[in-house]
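>>> The following comprises the amino acid sequence and a computationally predicted model.
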Amino acid sequence: MIEACFGSIMKKRILFLCKRRPQQRDLLKSPYGRFYYLPYELSKLGHEVTIALFSHNKNENCSSVADGISWHSMSTNPNPISAYFEIRKLTKELKPDWIVGFSDTYYGILAVSLAKTFKTRSILDAYDNYAAYIPWAKPLHALWFRAARQADILTAAGPSIADLFQREAGRKTTIVPMSADPSGFYFRDRFKCRQMFNLPADAILVGYSGAISNSRDIRTLFDAVELLRKDNDNIRLVLSGRVDAGISIPKTALNAGFVATDKLPYLISAVDVVAVVNKNSSFGIYSYPIKLYEAMASGLRVVASQTPATKWILANHSECLVGPEDPIGLSQRLQQALAQPPSAYEGLPNWQDGARIIDALIDSN
């Protein structure tokens, strides 16, 4: 009777499985994204949360308690089998009510397998189309979708991934959207931020952060900015992120290189408009760029390649969208954005709301 009345107030033991360095961020040293904030917010709702992190580096086995969460790091190098026995031992000792597979195909498969072994329940969460990374690994993808069919709950970062799950796994999938991290992404003084990176105070800056790769349609952005510079050579492109082999960065661009996590909010706030480019590819269709959420939370003007994902994120801001692989259209959208005052985006998702969605799913299953 008490559980029926209070539902989600009842504490659950939840075990999350995740790689230790999603997007090259070490979760033991730097809170980041859905991999940290969803478990953290669930712990604040009263659940007993444990996160098992899997590292590809040697000698990274450790355990600690921080931010109300129990953390366990397990190295898969040089022997992944030892990590497998460690997670089995932890699961047996913990007796979780739910096991959540986060951040990669492998951990979704493992979460369902452990749940079946220890007769508990499982959640698969996807923030990307993992098949786009290694399309040739068809047996792995088959195991992933089989795990999706067997999981008790499926969650996804947006509707295109949810639709993919529902087609491949034949299962209802609940959307738990991405969000900017709360620790840094808000409106800042642009010129103070420029001073931090020695960026020209009087230039008009177009910012891009992320993989500098042809697969992300970076050439279209290069060409669009050069078109803008024909009318105004005070416009400069500011880049940060990993540069793929074979990419030639324009001489007029300002390359900030790798920017530490704690400095990234300042770099985003230093520019006048943020460009988020992608292709309508097997990756781009399912990509819900965290950089777009971060720029919007910072009150920046944004222009994004229109894919099903960005069209959903910017449903109330169609003026920010432009067709992929269209440098002329992109240059026009950037020019229009630069002519507008800084933007205010209403109703942006946050991690508290995401955790409440998962809490409600747990409560009703």
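Nice, thanks for sending it over. Numbers count the residues shown, from 1 in each chain.
>>> C-alpha from now on. contacts and neighbour counts both.
OK.
>>> for P327, what are its contacts?
P327 sits next to T220, L221, D223, A224 when contact means CA atoms under 8 Å, 6 or more residues apart in numbering.
>>> end-to-end on stretch 302-320?
6 Å (CA to CA, to the nearest Å).
>>> Okay, now the unreliable bits of this structure?
Across the chain, the ranges flagged by pLDDT under 70 are 1-9.
>>> Helices along that one, start to end?
Listed in chain order, the helices of the chain (DSSP state H) span residues 2-6, 33-44, 80-94, 105-117, 138-150, 159-169, 190-196, 218-231, 264-270, 290-297, 308-313, 327-338, 351-364.
>>> What residues are bridge-paired with the closest residue in space to P39 that isn't next to it in sequence?
Once flanking residues are discounted, P39 sits nearest to V49: 6.6 Å by CA to CA, 6 or more residues apart in numbering. Residues in a beta bridge with V49, per DSSP bridges, are I14, I69.
>>> what about V49, distance to A151?
For V49 relative to A151 (CA to CA), the value is 19 Å.
>>> my guess is V112 meets R149, correct?
No. With contact defined as CA atoms under 8 Å, V112 does not count as touching R149 (9.8 Å).
>>> Make CSV from the helices of the chain and add distance to P182 to it.
Converted to CSV, those look like this (distance: least, CA to CA, whole Å):
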stretch, distance to P182
helix 2-6, 29
helix 33-44, 9
helix 80-94, 30
helix 105-117, 26
helix 138-150, 30
helix 159-169, 23
helix 190-196, 18
helix 218-231, 28
helix 264-270, 11
helix 290-297, 9
helix 308-313, 18
helix 327-338, 25
helix 351-364, 8
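>>> and the ones you listed, which is most packed in?
helix 264-270 (a mean of 24; mean count of other CA atoms under 10 Å).
>>> Can I get that one in CSV? Just the C-alpha atoms.
Presented in CSV, the C-alpha positions along helix 264-270 are these (Å, rounded to 0.1, in the frame of the first residue of the first chain):
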residue,chain,number,x,y,z
LEU,A,264,35.2,25.5,-23.0
PRO,A,265,32.2,27.6,-21.7
TYR,A,266,34.4,30.7,-22.0
LEU,A,267,35.5,29.9,-25.5
ILE,A,268,31.8,29.4,-26.6
SER,A,269,30.9,32.8,-25.0
ALA,A,270,33.8,34.5,-26.8
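>>> returning to what we had before: the residue nearest to P39: neighbour count?
23 (other CA atoms under 10 Å).
>>> mind listing what the residue lying closest to I153 once chain neighbours are set aside touches?
Of all residues not flanking I153 in the chain, I123 sits nearest, at 4.7 Å (CA to CA, 6+ apart). Residues counted as contacts of I123 (CA under 8 Å, 6+ apart) are W98, I99, V100, G101, G108, A111, V112, A151, D152, I153, L154, T155.
>>> Contacts only, for the last one.
What that stands for is T155. So T155 contacts I123, L124, D125, A126, A162, T173, T174, I175, V176 (CA under 8 Å, 6+ apart).
>>> repeat that with 7 Å
L124, D125, A126, T173, T174, I175, V176 (CA atoms under 7 Å, 6 or more residues apart in numbering).
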